[in-house]
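Trainee: Sequence first, then the predicted structure, then my questions.
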Amino acid sequence: MNAGSVFAASVPLRDLGGGLLSALPEDDQGAPYDRHAEIYDRLIGNRRYNQLIWGCDPSEYAAFAAEALASADGPFLDAGSGTAVFTADLYRRAARPVVLVDRSTGMLRKAAERLQEAPVTLVQADLFALPFSPQSFATVGCFAMLHVLEEPWDALARLRSMVAPGGHLYASMLVVDRRISRHYHRALERRHEMGPPRREAELASVARELFTDAQVTRTGAMAWLRATV
């Protein structure tokens, strides 16, 4: 199965050039994070920043993504891929179809620079209106992104609908169980760069309702969800 077979026939796609497709209307310019792609790169990839503020290491992000990528053989969706700062090496070596989605063309263009000739599909789309047929992906990954949303549980439910029966979902999100991280999270929320603070127990409760089997663990302020549909 190739990546093209996952798209819903009813959703028109526009070619943005540079290997990018868009499922957004032509008058929709995307996300305000377009202008933050370079800053995002420097922070997400910075070991000291992550260890100090969030209590975890970028190598853990990459290891979690690698686990998700190795979970099956069918199509893989990275929902909210950002610039692929800690996943590009994995996707270049992937032996399965990989689709990266983000609302920000700035983020996707940075990801395209990293991925170069890798056999991946990059799509600008809204997480709440994905241009794919239901149950199209053997694995869905959503890495360090849910915490920026106002309605992360709604997003998680929508991502679940993209997973084929017996497939897997891997999601990570920042939670406020760690005191130092909690204060920083709330400062970012006031700047509209984070959604409302959530706790690990909230994620675990929602996951139990949505998935046949779900496990939530935490490192510092990062919660890790591994689930089977």
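Mentor: Looks like it came in fine.
Trainee: Phi, psi for the residue of the chain most remote from its centre please.
Mentor: Most distant from the centre of the chain: Arg179, at 24.8 Å, with distances by C-alpha atoms, centre = their mean. Per-residue torsions, Arg179: phi -60, psi -50 (degrees, to the nearest 10).
Trainee: measure it to Ser71 for me?
Mentor: 33 Å (C-beta to C-beta, to the nearest Å). The C-beta positions use only the backbone N, C-alpha and C, and glycine is treated the same way.
Trainee: how about Asn46, what does it touch?
Mentor: Pro58 (C-beta atoms under 8 Å, 6 or more residues apart in numbering).
Trainee: Please report the distance of it from Leu188.
Mentor: Distance of Asn46 to Leu188, given as C-beta to C-beta: 16 Å.
Trainee: ok, then the element right after the worst-scoring helix or strand of the chain on mean pLDDT?
Mentor: Ranked by mean pLDDT, DSSP states H and E, the weakest helix or strand in the chain is helix 37-44, scoring a mean of 68. Remark: after helix 37-44, the chain's next helix or strand is helix 47-49, criterion DSSP states H and E.
Trainee: Off-centre distance for that next one?
Mentor: Mean C-alpha position of helix 47-49 versus that of the full chain (C-alpha atoms, centre = their mean, to the nearest Å) differs by 21 Å.
Trainee: Now for Glu117, how many residues are close by?
Mentor: Residues contacting Glu117 under the criterion other C-beta atoms under 10 Å number 7.
Trainee: what are the phi and psi values for Ala94?
Mentor: According to degrees, to the nearest 10, Ala94 has phi -60, psi 140.
Trainee: so what's it closest to, chain neighbours aside?
Mentor: Leu69 (6.1 Å; C-beta to C-beta, 6 or more residues apart in numbering).
Trainee: tell me which residues in the longest strand along the chain are buried?
Mentor: The longest strand of the chain (DSSP state E) is strand 163-174. Of the residues in strand 163-174, 163-164, 167-174 count as buried by neighbour count, 16 or more other C-beta atoms under 10 Å.
Trainee: Tell me the helices and strands packed up against the helix or strand just after it.
Mentor: Next in sequence after strand 163-174, counting helices and strands by DSSP H and E, comes helix 179-190. Helices and strands touching helix 179-190, by 3 or more C-beta pairs under 8 Å, 6 or more residues apart in numbering; DSSP states H and E: there are none.
Trainee: Let's see the one helix or strand Tyr91 maps to as PDB, backbone CA atoms only.
Mentor: Following DSSP H and E, the helix or strand that holds Tyr91 is helix 88-92. What follows is helix 88-92, C-alpha atoms only, in PDB (Å, rounded to 0.1, in the frame of the first residue of the first chain):
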ATOM      1  CA  ALA A  88      13.900  13.000  10.200                       C
ATOM      2  CA  ASP A  89      16.600  10.300  10.500                       C
ATOM      3  CA  LEU A  90      14.000   7.700  11.300                       C
ATOM      4  CA  TYR A  91      11.700   8.600   8.400                       C
ATOM      5  CA  ARG A  92      14.600   8.600   5.900                       C
END
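Trainee: Quick one: list the elements packing against that helix.
Mentor: helix 58-69, helix 105-115.
Trainee: Turn the ones you listed into TSV, columns for mean neighbour count.
Mentor: Output for the helices and strands packed on helix 88-92, formatted as TSV (neighbours: other C-beta atoms under 10 Å):
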stretch	mean neighbour count
helix 58-69	18
helix 105-115	21
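Trainee: Could you identify which of those has the lowest mean pLDDT?
Mentor: With a mean of 92, helix 105-115 has the lowest mean pLDDT of these.
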